[in-house]
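model this:
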Amino acid sequence: MRKISANYIFPIHAKPIKNGMITLNDEGKITELSTCSETDKDVEFYDGIICPGFVNAHCHLELSHLKNAIPEHTGITGFIREISKQRNIVDAQQQIQTAAFYDNLMYLHGIVAVGDISNDVLTFELKKQSKIFYHTFAEAFSCNENETDKILKKNQDIVDYGKKLGISISPTLHASYSMCNGLFSKIKHRAEQSGILSYHNQETQAENEYFQNNSGKFLEFYNEFQTPDRPVHTGKTSIHRLLDNISKNVKILLVHNTFTSENDYDFAVSASQNITWTLCPKSNLYIENCLPPIEMFRRKNARIAIGTDSLSSNTSLSIINELFTISENFDNIELNELLTWATLNGAKALGIEAKFGTFEHGKTPGIVLIDNVDTDKMMLTQDSRSQTL
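Take a look at the predicted model:
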């Protein structure tokens, strides 16, 4: 049994507790949530705040070897060019070793669950052995109809291999701009059948410009690479491509949403009541030098979760760094709300809230200490760090 206390405990499902205490049994399950008293013995006390383990709702672990390889502020089309050039700059063994290093670092810094994008099986054995729970989204994309059958088979082989290993896995689509019609409709159908999908949404204004007006950087990109089966522009914003006629039952993680308008949001929630708006602010600043419309999402009572994206578009896989980036730019957001985005909302998005996300009795959500917090203003600081206890 462990008794863990701190200046404040953030249970997430309840208000923060000053000098709170968590009691766990030998299996790490929460058995009691209380206030620490002078009579309590064998208590581990920490200077800082404690919350449940973080859920990184969007990551590409397999791209960890690309840290510092791609310049900042390229825009998404420039970023795609660089990814295509540099994805395999090191051999497979080095890619696996680098991914393993950052998997462990995520765990040490408080991440207990990850919604991870994979385009191959390179990290699957690592995920099976990891202390972190992963749900893997096996992603497909191509703007060449002649490749559709080959890509569908590869995607199914990846899913089948993951299931054989016993990891949590499902197929998913990449983005509105990156898929020809045949592949899009077939992978979308598979994802709906699995009950969950992750989708890169409106990461750049160029998406909307292409789909609405057949103009902008994606039109230039398609012309430059003589893309054979580019998506058909519809006169609507890019979010419509996924959500028109979407299954009502599927869990949807819309990722980035940097250029999502209020009209887009209203359309989305009319199409599905099961959307989590997954934000990766440091990645958005890295690529487009822009942040999502967070105040609009809050005003609309959106369910927001937090991701890190990959080290090809970020300097760390740290949830606490993402939260500080948000609070630095939106200082009116209370810490409890930010922590809810980073814990419970991510768990709900991945369908794992029965185990993760809150300090409720019987759960094993992981314990995270955050130090160097301004407890008077209850705000993160530039020196705030997180660690698993």
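
Helices along the protein, start to end?
75-86, 92-108, 124-129, 148-165, 181-194, 205-213, 217-224, 239-243, 262-271, 281-287, 294-299, 319-329, 335-342, 344-350 (DSSP state H).

Out of those, which is the most enclosed?
When neighbours are counted by mean count of other CB atoms under 10 Å, the highest per-stretch mean among these falls to helix 344-350, a mean of 26. No exception for glycine: its C-beta is placed from N, CA and C like everyone else's.

hang on, the earlier thing: turn the helices of the chain into CSV, including mean pLDDT.
Listed next are the helices of the chain as CSV, based on pLDDT from 0 to 100:
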stretch, mean pLDDT
helix 75-86, 92
helix 92-108, 97
helix 124-129, 98
helix 148-165, 98
helix 181-194, 97
helix 205-213, 96
helix 217-224, 93
helix 239-243, 97
helix 262-271, 98
helix 281-287, 98
helix 294-299, 98
helix 319-329, 98
helix 335-342, 98
helix 344-350, 98
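
among these, which is nearest K377?
helix 335-342 (8.9 Å; CB to CB).

Specify the angle between that closest one and helix 319-329 in degrees.
Between the axes of helix 335-342 and helix 319-329, defined by axes from the mean of the first three to the mean of the last three CA atoms, to 10 degrees, the angle is 130 degrees.

Using CSV, write out every CA atom in helix 335-342.
Taking Å, rounded to 0.1, in the frame of the first residue of the first chain, the C-alpha atoms of helix 335-342 are listed here in CSV:
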residue,chain,number,x,y,z
LEU,A,335,-5.2,24.7,-14.4
ASN,A,336,-7.9,22.1,-13.5
GLU,A,337,-9.5,22.6,-17.0
LEU,A,338,-6.1,22.1,-18.7
LEU,A,339,-5.4,19.0,-16.7
THR,A,340,-8.9,17.6,-17.6
TRP,A,341,-8.0,18.0,-21.3
ALA,A,342,-4.7,16.1,-20.6
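
shouldn't H109 be in contact with L323?
No: taking CB atoms under 8 Å as the definition, H109 is not a contact partner of L323, at 12.0 Å.

who touches both of the two?
Residues touching both H109 and L323 (CB atoms under 8 Å, 6 or more residues apart in numbering): none.

quick one: low-confidence ranges for the stretch 1-150 of the chain?
Along the stretch 1-150 of the chain, no part satisfies pLDDT under 70.

what's the spacing between Q95 and S318?
Separation of Q95 from S318 (CB to CB, to the nearest Å): 21 Å.

same check, this time on R87
For R87 relative to S318 (CB to CB), the value is 23 Å.

Once you drop chain neighbours, what's closest to the spatially most central residue of the chain?
In the chain, the centroid-proximal residue (CA atoms, centre = their mean) is H58; its distance is 1.9 Å. Closest residue to H58 apart from its sequence neighbours, by CB to CB, 6 or more residues apart in numbering: G307 at 2.8 Å.

do G351 as well
Closest residue to G351 apart from its sequence neighbours, by CB to CB, 6+ apart: K251 at 6.2 Å.

beta partners of the one you found?
Beta bridges link K251 to I196, judged by DSSP bridges.

Contacts only, for it.
195-197, 274, 276, 349-351.

at 7 Å instead, please
Residues in contact with K251 (CB atoms under 7 Å, 6 or more residues apart in numbering) are 195-196, 274, 349, 351.

Put the buried members of those into a ChimeraX selection.
Only the buried entries of the contacts of K251 go into this ChimeraX selection, using 16 or more other CB atoms under 10 Å:
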select :196,274,349
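
just curious, which of the contacts of K251 is nearest to D264?
For these, the minimum distance to D264 (CB to CB) is 16.7 Å, reached by N274.

How about the closest one, nearest residue that isn't a chain neighbour?
What sits nearest to N274 in space, not counting adjacent residues and going by CB to CB, 6+ apart, is K251, at 5.3 Å.

Check I239 too.
I239's closest residue in space is D264 (CB to CB, 6+ apart), at 5.0 Å.

T237 is in contact with that neighbour, correct?
Yes: at 5.5 Å, D264 counts as touching T237 under the criterion of CB atoms under 7 Å.

where's I252 relative to I151, distance?
Taken as CB to CB, the span from I252 to I151 is 22 Å.
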